[in-house]
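Novice: could you work out the structure for the sequence below:
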Amino acid sequence: MLLSAVTAMLLPTALASMIDIGVAGENRNTILIIAAVMATLAILGCLFNMAATVLSAKVSTKFAADLRREIFHQVQDFSAAEMERFGTASLVTRSTSDGQKAFRRKAL
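Specialist: Numbering: from 1, shown residues only. Next comes the predicted model:
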């Protein structure tokens with residue numbers, strides 16, 4: 001995300017340079033070079049955004065799987081009396097909804 005933000009912040013600076021140096025000096029080669037740099041920055045910014053999205057999806061998926069596994073193991077350690085008290089259907093429902101709630105809290 002940092003690299004994506006840096007590339008986005010460099011685009012206006014490159015545009016200002018294009019106007020100050022290329023347009024004001026009527027230097028066509030400078031305009032083309034800076035335009036190529038800006039296109040490269042835009043493409044890099046897109047690639048960095050995609051990489052950040054993929055990475056965050058993988059991290060959140062692993063966190064959710066780990067959380068569900070921990071809840072499952074905790075429920076497995078319940079005694080027969082506790083299982084009878086809560087009920088299987090209630091435990092399944094609570095495990096799913098509590099896991100989703102905890103995941104949302106942790107993600108925020």
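Novice: any regions of this structure where pLDDT drops low?
Specialist: 97-108 (pLDDT under 70).
Novice: ranges for the helices of it?
Specialist: All helices of the chain, identified by DSSP state H, fall at 2-17, 28-76, 80-86, 88-107.
Novice: want to try JSON lines for the ones you listed, with mean neighbour count as columns?
Specialist: For every residue, glycine as well, the C-beta is placed using N, CA and C. Listed next are those as JSON lines, based on neighbours: other Cβ atoms under 10 Å:
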{"stretch": "helix 2-17", "mean neighbour count": "14"}
{"stretch": "helix 28-76", "mean neighbour count": "13"}
{"stretch": "helix 80-86", "mean neighbour count": "10"}
{"stretch": "helix 88-107", "mean neighbour count": "12"}
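Novice: which ones are touching the nearest residue to residue 37 once chain neighbours are set aside?
Specialist: Leaving aside its chain neighbours, residue 37 sits nearest to residue 14 (5.7 Å; criterion: Cβ to Cβ, 6 or more residues apart in numbering). Shown in contact with residue 14 (Cβ atoms under 8 Å, 6 or more residues apart in numbering): 34, 37-38, 41.
Novice: and those residues, which is closest to residue 87?
Specialist: Nearest to residue 87, judged by Cβ to Cβ, of the contacts of residue 14 is residue 41 at 58.1 Å.
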